[in-house]
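1. Below are the sequence and a predicted model; questions follow.
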Amino acid sequence: MAVHGGWPWVLEMIAISWKYPHVYIEVSGTMPKYIMTPSTGWEPLLVYGNGLLQDRVLWGSNWPMIEPKESLGWARKFPLKEEVKEKWLGGNAARLLRL
């Protein structure tokens, strides 16, 4: 698992996760509003994470740096399909942990 999305090697983590089906990209440690900000380097994760890698991204709140409720509110604004948001925000973790 790549924590913090592999930042600043986001593209490399996407390639590794694409090649190896048991590699997941965990996204925490960055405010969700910055992940959505253009020209920050996160755009490829939103593109590939909305399609090809939608089953391999896990969201974390980065508590105590940001309150989980605030982080979740921002994460729900990601420009992703609704079903993909549900995967990122818990569905993928539940499947991975067999819950």
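-> Alright, I've got the coordinates. Fair warning: this is a prediction, and the values are worked out from it, not measured in the lab.

2. When you work out contacts or count neighbours from here on, use the C-alpha atoms and nothing else.
-> Will do.

3. residues touching W7, list them.
-> Applying CA atoms under 8 Å, 6 or more residues apart in numbering to W7 gives no contacts.

4. I'd guessed D55 sits against K87; true?
-> Yes - in this structure, D55 is within contact of K87 by CA atoms under 8 Å, at 6.6 Å.

5. so the spatially closest residue to P44 that is not a sequence neighbour, which of the three states?
-> Of all residues not flanking P44 in the chain, L11 sits nearest, at 6.8 Å (CA to CA, 6 or more residues apart in numbering). Secondary structure, DSSP: H, G, I helix; E, B strand; the rest coil: L11 is helix.

6. From N62, how far out is L11?
-> Per CA to CA, to the nearest Å, L11 is found 22 Å from N62.

7. For the residue nearest to P44, grab the count of nearby residues.
-> If you count neighbours by other CA atoms under 10 Å, L11 ends up with 18.

8. pLDDT at it, what is it?
-> L11 is assigned 93 on the pLDDT scale.

9. and if you look at the one 10 residues further on?
-> pLDDT, the model's per-residue confidence, is 92 for P21.

10. quick one: it is in a strand?
-> No - counting by three-state DSSP, P21 is not found in a strand; it is coil.

11. where does the protein have low pLDDT?
-> Applying pLDDT under 70 to the chain flags residues 1.

12. What segments of the protein are strands?
-> 25-27, 57-59 (DSSP state E).

13. Any chance of TSV for those, columns distance to P68 and mean neighbour count?
-> Output for the strands of the chain, formatted as TSV (distance: least, CA to CA, whole Å; neighbours: other CA atoms under 10 Å):
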stretch	distance to P68	mean neighbour count
strand 25-27	13	22
strand 57-59	11	27
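
14. Could I get those in a markdown table, plus columns for distance to I66?
-> Output for the strands of the chain, formatted as a markdown table (distance: least, CA to CA, whole Å):
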| stretch | distance to I66 |
| --- | --- |
| strand 25-27 | 14 |
| strand 57-59 | 13 |
